[in-house]
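Q: have a look at this fold, sequence not included:
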Ligand code: GLA
């Protein structure tokens, strides 16, 4: 746990939250917690196959103003909407009318399930992580809540345990069967770095974001629709593939072994497996390329990742393809791909910094011309994971 300084974006969020806190609870909060969103550079739909991912936390945050309570009540105010939700730690029930609070309820539930003793708290939440865009605003809500309990209740919990509890909350309380990537990077991100995460051992290696390059996120504004049912279907298809190939998870199949055995699989299973197996290899190759300073190769691997997600894994959509194609045409772009679960949301591009302003303008122009929609473009810095701010 460490403190940190306030960036201008965080200061703007604090002003909003401080006003809402005074209004809702009186006085000032005792604790400020910031949890970032995330972008995945490469390694998509590999986490639940025990594979490799390379996400970075980004400088867009959920900020939480917190004061502990002596009783078992949790009072939450979402100042952006605005909305309020309350629950008691003795009986954590769902509240479909306040869906945003499912994440906080789920985290409290998962912490207690793991045997942690909690007290209540009052909290105000504000956020500049776009919602339903595939930048993990939900993992940010979960990790902010877990961290708030950790500090106010003095819980012993390391970053990986915190991520696993967040994932359990999402899987078992919220009902979204996600992998570990989002909670992990939101919990453990490091400024200036992406993390190569081994989703089997749950160990990570720091990989610096290449100097002279920007990570640019373009939001298609297409909100992810099909994602839950299709996501679960992909997971099942991968499990079927692993079983047919006689391995614990697709992580255990090399591209060579796959080439030798792929004819044993039906067509859909073969396509899904080919994506996961080649994506794992691209992720490892991409990290090697960055270590050697070969950003051009890394970019080419990002482009190949998009093609594989579009053609073999079939989780892209027209809006994502239009944005990626516009991005890949621009001068100074090293690579571009969809990021996150797919079916809408955002793309990620690696761009040489001197080209970034023109890149953003031109991609937005091309996207609007084809779709009639004005996208959002964010130039992001790789940020630290969830932390306390003083
Ligand atoms: C979502 C899930 C992650 C991961 C990605 C796809 O973001 O929450 O666990 O599976 O999709 O890479």
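A: Looks like it arrived, so ask away. Keep in mind that what you see is a predicted model, and the values were worked out from it rather than measured. Residues are numbered from 1 along each chain as shown.

Q: next, count neighbours for residue 80.
A: The burial metric for residue 80, expressed as a neighbour count using other Cβ atoms under 10 Å, is 17. Quick note: C-beta positions are derived from backbone N, CA and C, even for glycine.

Q: hang on, it packs against residue 124?
A: No. Counting by Cβ atoms under 8 Å, residue 80 sits too far from residue 124 to count as a contact (10.0 Å).

Q: hey, where'd the helices end up in the stretch 251-390 of the chain?
A: Ranges of helices within the stretch 251-390 of the chain are 255-261, 267-291, 295-311, 318-328, 356-371, based on DSSP state H, counting those that start in this stretch.

Q: right, so of those helices, which gets closest to residue 213?
A: helix 295-311 (6.2 Å; Cβ to Cβ).

Q: in its sheet, what does the biggest strand by length in the chain sit against?
A: With DSSP state E setting the assignment, residue counts place strand 55-68 as the longest strand in the chain. Partner strands and pairing direction for strand 55-68 (DSSP bridges) are strand 31-40 (antiparallel), strand 121-127 (antiparallel), strand 382-383 (antiparallel).

Q: from the chain's centroid, how far away is the last one?
A: This means strand 382-383. Its chain's average C-alpha position is 13 Å from that of strand 382-383, according to Cα atoms, centre = their mean, to the nearest Å.

Q: now do that strand: everything it contacts.
A: Residues external to strand 382-383 that are found in contact with it (Cβ atoms under 8 Å, 6 or more residues apart in numbering): 36, 56-59, 61, 189-194, 209, 215.

Q: mind putting these into a markdown table with distance to the ligand and neighbour count?
A: Listed next are those as a markdown table, based on distance: Cβ to the nearest ligand atom, whole Å; neighbours: other Cβ atoms under 10 Å:
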| residue | distance to the ligand | neighbour count |
| --- | --- | --- |
| 36 | 14 | 32 |
| 56 | 14 | 26 |
| 57 | 14 | 32 |
| 58 | 14 | 25 |
| 59 | 19 | 20 |
| 61 | 18 | 28 |
| 189 | 15 | 27 |
| 190 | 19 | 18 |
| 191 | 22 | 15 |
| 192 | 23 | 13 |
| 193 | 19 | 18 |
| 194 | 14 | 31 |
| 209 | 19 | 18 |
| 215 | 17 | 22 |
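
Q: surely residue 112 touches residue 90?
A: No. Assessed by Cβ under 8 Å, residue 112 is found out of contact with residue 90, at 9.5 Å.
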